[in-house]
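Trainee: Sequence first, then the predicted structure:
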Amino acid sequence: MRILFTRVFFLIAMLPLVSKINAQQDPHYSQFMYNKLNFNAGFAGATDGKICATLIHRTQWMGFGGGTYNSGTGSVARGDAPVNLVGSINAAIGNRFGIGATFASDKLGQETMTMPRLTLAYRHPLGNAGTIAAGIGVGFMQRSIDGTKLRANDPNDPKIPTGLVSGTAPDIDFGLYYTKDNLAGAIDNFYAGLSATHLNQNKIAYDVPAGSTTIDSKIHLYFVTGGEFQLNSAMKLQPNILLKKDPAKIQADLNCFLVWNENIRGGVTFRPMDAAVLLVGYEFPFGLNVGYSYDITTSKIINYSSGSHEIMLRYCFGVSIPKKEKVIRSRFTPRFM
């Protein structure tokens with residue numbers, strides 16, 4: 001079993017060397033560490049025996065807008081900033097399986113994409129060496145384009161839609177996720193994962209005057225890792241790293257939190273060539289975790305955008321099934337009087 005997992009890890013690690021560069025990347029979230037199920041199906045069930053539900057709302061590039069062209073005035077009206085929404089729920093089933101469900105919605109200008117998915121993971125304990133899980137996510141991708149928001153160089157181009165068009169195709173993800181309570185006597189709650197989304201590279205066709213236009217989805221690859229370093233009885237550091245390879249580039253999120261008294265946290269994330277992120281959060285004793293992040297744009301988009309905002313809500317709760325007590329009944333037998 002360990003040899004099999006090692007081979008699969010090696011296969012996914014080699015995928016970036018052979019994948020093609022083409023297509024738009026998946027939306028990203030600054031608080032990725034609280035919703036790893038969104039990009040790694042193997043995470044399903046890694047919730048310490050609890051049921052966990054997460055919701056993240058992201059407003060990308062405030063002030064940038066989508067813009068709508070007015071053919072009467074020849075002007076472009078200021079639009080709303082791109083909005084991303086992702087939610088998930090997952091739990092363990094016994095000691096060996098995990099199940100989950102995710103829903104993601106990404107609206108960027110004239111295009112909207114939704115991706116619901118169900119996930120099943122098999123969790124294999126390695127004794128004192130930790131636990132490794134392999135998961136698969138199956139769902140579908142729906143894309144739509146509002147042609148009324150497009151400004152074509154040739155208004156009579158038959159390949160460009162003039163109204164709202166949409167299409168749907170199946171979508172498959174796969175992920176490996178490893179956890180260990182303590183690594184090398186120094187890192188607590190260590191985790192690492194490798195995953196790939198859109199494995200089937202689905203094709204979505206839009207109906208246009210010329211017949212149809214096809215958009216291809218390409219494989220996206222992820223590596224995530226992190227853990228905890230106890231500084232003293234009250235404070236600890238929580239570093240998290242996410243590497244993502246989409247068809248266009250490799251992107252990294254380098255994060256570190258400082259946690260005080262197990263519930264108050266503040267942190268920073270550096271995303272090279274894109275943004276510096278400030279993060280704060282608080283975890284209530286009853287299992288509710290809230291977080292906020294603000295992306296300070298460092299790319300050329302800073303000339304048009306005041307940054308990105310993100311709100312995260314995560315609630316974990318346990319379900320205990322009371323054990324039935326064995327009823328003791330009196331027995332009569334002629335052997336005893």
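Mentor: Received the coordinates, thanks.
Trainee: Quick one: the helices in the stretch 1-150 of the chain, in order.
Mentor: 2-14 (DSSP state H, counting those that start in this stretch).
Trainee: Give me the below-cutoff pLDDT ranges for it.
Mentor: Applying pLDDT under 70 to the stretch 1-150 of the chain flags residues 1-25, 63-82.
Trainee: Need the phi and psi values for Ala152.
Mentor: phi -90, psi 140 (degrees, to the nearest 10).
Trainee: just Tyr29 next, same as before
Mentor: phi -130, psi 130.
Trainee: That one and Phe174, how far apart?
Mentor: For Tyr29, the distance to Phe174 (CB to CB, to the nearest Å) stands at 20 Å. Quick note: C-beta positions are derived from backbone N, CA and C, even for glycine.
Trainee: and those two? which has more neighbours close in?
Mentor: More neighbours surround Tyr29 than the other of Tyr29 and Phe174, with 24 against 18 (other CB atoms under 10 Å).
Trainee: Tell me how many other residues crowd the closest residue to that one other than its chain neighbours.
Mentor: Distance criterion CB to CB, 6 or more residues apart in numbering; nearest residue to Tyr29, sequence neighbours excluded, is Ile56 at 5.4 Å. Using other CB under 10 Å, the number of residues around Ile56 comes to 24.
Trainee: Ile56 and His309 touch, don't they?
Mentor: No: using CB atoms under 8 Å, Ile56 is not in contact with His309; the gap is 11.2 Å.
Trainee: need the contact list for the residue nearest to Tyr29.
Mentor: For Ile56, the contacting residues are 29, 31, 34-35, 84-87, 310-313, by CB atoms under 8 Å, 6 or more residues apart in numbering.
Trainee: Let's see that with 7 Å instead.
Mentor: Ile56 is in contact with 29, 31, 35, 86, 310, 312, counting by CB atoms under 7 Å, 6 or more residues apart in numbering.
Trainee: and which of the residues you listed is nearest to Asp216?
Mentor: Using CB to CB, Val86 comes nearest to Asp216 of the contacts of Ile56, at 22.6 Å.
Trainee: and that closest one, bridged to which residues?
Mentor: Ile56, Ala104 (DSSP bridges).
Trainee: how close does the spatially most central residue of the chain get to Thr214?
Mentor: Most central in the chain under CA atoms, centre = their mean is Asn38, positioned 2.7 Å from the mean C-alpha point. Distance from Asn38 to Thr214, counting by CB to CB: 26 Å.
Trainee: Repeat that for Asn200.
Mentor: 15 Å.
Trainee: The two: who's more crowded?
Mentor: More crowded of Asn200 and Thr214, by other CB under 10 Å: Asn200, with 14 against 9.
Trainee: Show the contacting residues for the residue lying closest to the more buried one once chain neighbours are set aside.
Mentor: Counting by CB to CB, 6+ apart, Ile172 is the residue found nearest to Asn200 once chain neighbours are left out, at 4.7 Å. Taking CB under 7 Å, 6+ apart, we find Ile172 in contact with 137-138, 199-200.
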